[in-house]
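In: Sequence and computational prediction follow.
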Amino acid sequence: MSYCVNCGVELDKTATSCPLCHTKIYHPGHPADTEAAPPYPTVKGVSEPVKKQEFAILMSIIFLTTSVVCALLNLFILPYGRWALYVAGLCILLWIFLLPAFFPKMANVYVNLALDSIGIAAYLGAISFLHPGDGWYLHIALPVTITATLLLEIIFIFAVHFRSSMLIKAVISVAAIALLCLEIEAVIDYHFIGFVNLRWSAIVLTCCVAIDIILLTIYLRAGLRAEFRRRMHF
Amino acid sequence: MKKKNTQKTNNATWYKLDLSANVYPTLQRKNFSNVYRISVSLRERIQPDILQKALDTALCRFPTFQVALRKGLFWRYLEPNHRPGPFVQPDIENPCMPMHFKANNRYLIRIYYYEKRISLEVFHSLSDGTGALYFLKTMTAVYLRLLGHDIPVGEGVLDLSETPGSEELEDAYLRYASSKVKRPRSQGRAYHVRGTKEPFYTLNIICGVISVDKLRVISKGYGVTITEYLNAVLLYALLRKQKDEHLWKEKPVKIAMPVNLRSFFPSKTLRNFISMVYPSIDPRMGDYTFEEILSEVHHYMRYYINRKFLNADITTNAATQQNPLIRIVPLFLKDFVVRRFYAHVQDGQSSAGLTNVGLIKLPEEMKPFVERFDVLMGQPFSARTNCAIVSYQNILTINFTSSIKETDVERYFFCKLIQDGIPVKIETNRKMEES
């Protein structure tokens, strides 16, 4: 048996250092027994994930029932237009949004985001099919949905894969808001007046540029960064 | 037909959570569950298939351990669980890991085996240490019987042919809460050990193995009981740790210690029946010698741990739960308020937890097969150290569990025992090479 020369406690025969003070054990007569089983297992356990099948089945049935009941109502009792299609579309959209909750093991933020966007685009497409306007879907809804998705994907890539500071993440998010606003106004202008005349989005852009400059200055100045961290800790 | 009737009866059976059990699910987080562990080390290597049979046989005698936790509109409740399981499994490095209510076929107990050790992990809403110990003793006795040994009932080993009595399933708090005054709930804020938090799924254990005889002689020399002595040593270790940190403003050092109420209010309940006391030292009043700490703890215990004070404590909790205004509040609102109260008030009013399960007794025929018992208090709610003590024959084990890297409190604690002339053997699950 070995004793810690610092603490005086007796140590387990498999120990290589004292767990209390981390002093290495050196005992030529009794080296650490590497063959014997240690007092505790070495395999780390992980909690069993919660099975979500029941929740997935319940929600799927709720959405399906709602769609079918509304379709029957639309057909036989309230035959005013094709309003049941909106409800069915919304149910499908909610089902797509809930996919990560139904299949948590298979959840992937990029794929789910892309699926959500495809769902939104399809729902808006269905609305434009029921109410064919003057091409608002192709000129406004689709480009804005695609841009918003791409910007969100970029923000997620930065947040997950790059160990950047909160300030850099904030700079990217603010820049994304500015770009989205610019695009929204540009496509609306082009659709309605035929050319781009930026007005309100220019104000948003100016504010976002100012915020980004302030954030970048704080990021680049160590003193300001420390002050910011102190005041904004949570 | 008979099977159908049994199923009907089972469907009609459900259990209200007892007074303290209501709090534990509320505090559940993704990375925290209120789970504790009791282990028994035998003299022979464990045979998992026989242990599984023993578990299946013993579980039928403990209906409150064969349950699932469900949510009602106003309160949570326990209902009989007839899903397959629980299954024995090889032990892991990080005991008392979070227990999700819907995982593990909704069982709230886990049984592990490692070499010669059987470990039972229990979600605190089911039972306190005493109830879990009844279950572990009975399961171990069945295991030994299946190996061909003749183990009688008694000393905590229950008779499997008996039907569980209503007193075993009762909420004993409500039976005894009768005080006309209620003690204040808040004890004031206490010093919190600072440390580097370990990553998720890590629970550091440092176990000290001590001779009961030696410890008894030393504590008797000081004129105190073993519990009082070990409480004082932990307070002493925490005070030293606070001194080391050179805080601008020191805080009182307090220990949260559960008291087994069965010793004061006769009850056979296998569910929770504990109350908390908080022995403390306030270093703002001046430096305390170890003898002064001992004296404080000794007198605190004598003054507060009695039927009257404990009754006032449980009356405070019972009155809150029985208040009609609180009862009609929906569960999610109760959860929100209780979680905030616990995080900001309850958790902040103790520096460490210490539980002494006491001397474990077994039937004479079972004693030759059992080497020792261990208790782990499980993961602390916030970064701190918890300490659990249990003794069997001449072996007393002190298990420190913490989710921080630093071992200062444990070192001061065991070094003090060495200074007092008590030999200590240390075991750990910490990674030695990394330390």
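Out: Yes, it's here. In this text, all values refer to a predicted model and were calculated from it rather than measured experimentally. Numbering: from 1, shown residues only, chains lettered A, B, ... in the order given.
In: Now B:K416. Its backbone dihedrals?
Out: With angles defined as degrees, to the nearest 10, B:K416 sits at phi -70, psi -40.
In: Quickly find the element holding the residue nearest to it when sequence neighbours are not counted.
Out: In space, and not counting its chain neighbours, B:K416 is closest to B:V233: 5.0 Å by CB to CB, 6 or more residues apart in numbering or on different chains. C-beta coordinates here come from the backbone N, C-alpha and C atoms, glycine included. Taking DSSP states H and E as the criterion, B:V233 maps to helix B:226-244.
In: Could you point out the helix or strand that follows that helix?
Out: Taking DSSP H and E, what comes next after helix B:226-244 is strand B:253-260.
In: measure the single nearest residue of chain A relative to chain B to B:P90 for me?
Out: Across chain A, the shortest distance to chain B (CB to the nearest CB) belongs to A:G45, at 3.1 Å. Counting by CB to CB, to the nearest Å, the gap from A:G45 to B:P90 is 9 Å.
In: Give me the more crowded residue out of those two.
Out: Taking neighbours as other CB atoms under 10 Å in any protein chain shown, A:G45 and B:P90 compare with A:G45 leading, 18 against 12.
In: mind listing what the closest residue in space to the more buried one that isn't next to it in sequence touches?
Out: Leaving aside its chain neighbours, A:G45 sits nearest to B:I92 (3.1 Å; criterion: CB to CB, 6+ apart). For B:I92, the contact set (CB atoms under 8 Å, 6 or more residues apart in numbering or on different chains) comprises A:P41, A:V43, A:K44, A:G45, B:Y112.
In: what's the answer for B:I218, then?
Out: By CB under 8 Å, 6+ apart, the contact set of B:I218 is B:Y229, B:D420, B:G421, B:I422.
In: Please apply the same query to B:E427.
Out: A:D12, A:P39, A:Y40, B:I205, B:I206, B:C207, B:V209.
In: Mark which of these are part of strands, please.
Out: In strands, judged by DSSP state E, the following of the contacts of B:E427 are found: B:I205, B:I206, B:C207, B:V209.
In: Most neighbours among these, which one?
Out: Counting neighbours by other CB under 10 Å, B:I206 leads the ones in strands among the contacts of B:E427 with 25 neighbours.
In: Read off the pLDDT value for it.
Out: Model confidence at B:I206, given as pLDDT, is 94.
In: Tell me the bridge partners for it.
Out: B:F400, B:T428 (DSSP bridges).
In: so it touches B:F400, yeah?
Out: Yes. Counting by CB atoms under 8 Å, B:F400 is a contact partner of B:I206 at 4.6 Å.
In: Can you pull the residues that touch both of the two?
Out: Looking at what touches both B:I206 and B:F400 (by CB under 8 Å, 6+ apart), the common residues are B:E410.
In: interface residues of the stretch 1-150 of chain B facing chain A?
Out: B:90-94, B:97-100, B:102-104, B:114-115 (CB under 8 Å from any CB of the partner chain).
In: mind running it again at 10 Å?
Out: Selection of the stretch 1-150 of chain B residues close to chain A by CB under 10 Å from any CB of the partner chain yields B:30-31, B:33, B:41, B:45, B:89-106, B:110, B:112-117.
In: for the residue of chain B found nearest chain A, helix, strand, or coil?
Out: Per CB to the nearest CB, B:I92 is where chain B lies closest to chain A, at 3.1 Å. Secondary structure for B:I92, judged by DSSP: H, G, I helix; E, B strand; the rest coil, is coil.
In: And it, what's its pLDDT?
Out: With respect to pLDDT, B:I92 scores 92.
In: And B:N22, by the same measure?
Out: pLDDT, B:N22: 88.
In: from memory it sits against B:N34, does it?
Out: No. B:N22 is not in contact with B:N34 according to CB atoms under 10 Å; the separation is 11.6 Å.
In: Tell me the residues that contact both of these two, please.
Out: B:S125 (CB atoms under 10 Å, 6 or more residues apart in numbering or on different chains).
In: Just the buried positions in stretch B:128-137, please.
Out: Across stretch B:128-137, burial judged by 16 or more other CB atoms under 10 Å in any protein chain shown covers B:D128, B:G129, B:T130, B:G131, B:A132, B:L133, B:Y134, B:F135, B:L136, B:K137.
In: right, and the third one touches B:N272 too?
Out: It stands for B:T130. Yes. At 9.2 Å, B:T130 counts as touching B:N272 under the criterion of CB under 10 Å.
In: Next, give phi and psi for B:E155.
Out: phi 50, psi 40.
In: show me what contacts it?
Out: Taking CB under 10 Å, 6+ apart as the test, what B:E155 contacts is B:K137, B:A141, B:I360, B:K361, B:L362, B:P363, B:E364, B:M366, B:K367.
In: Next: A:L151.
Out: A:I172, A:S173, A:A175, A:A176, A:I177, A:L179, A:L180, A:E183.
In: Give the burial count for the fourth one, as a bare number.
Out: If you count neighbours by other CB under 10 Å, A:A176 ends up with 19.
In: if I've got this straight, it is in a strand?
Out: No. A:A176 sits outside any strand when classified using three-state DSSP, being helix.
In: any idea how far it lies from A:T149?
Out: Distance from A:A176 to A:T149, by CB to CB: 11 Å.
In: With the second one instead?
Out: Here the distance between A:S173 and A:T149 works out to 15 Å (CB to CB).
In: ok, A:M59 touching A:F102?
Out: Yes. Counting by CB under 10 Å, A:M59 touches A:F102, with 7.3 Å between them.
In: residues in contact with residue 33?
Out: All of this is about chain A. Here A:D33 is in contact with A:D12, A:K13, A:T14, A:A15 (CB under 10 Å, 6+ apart).
In: that answer is for a different chain, and I need it for chain B
Out: Neighbour list for B:S33: A:47, B:24-25, B:27, B:96-101, B:108, B:121, B:123-125, B:378-379 [criterion: CB under 10 Å, 6+ apart].
In: Buried ones only from those residues, please, as a PyMOL command.
Out: The buried residues among those can be selected in PyMOL (16+ other CB under 10 Å) with this line:
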select buried, chain B and resi 24+25+27+96+97+98+99+100+101+108+121+123+124+125+378+379
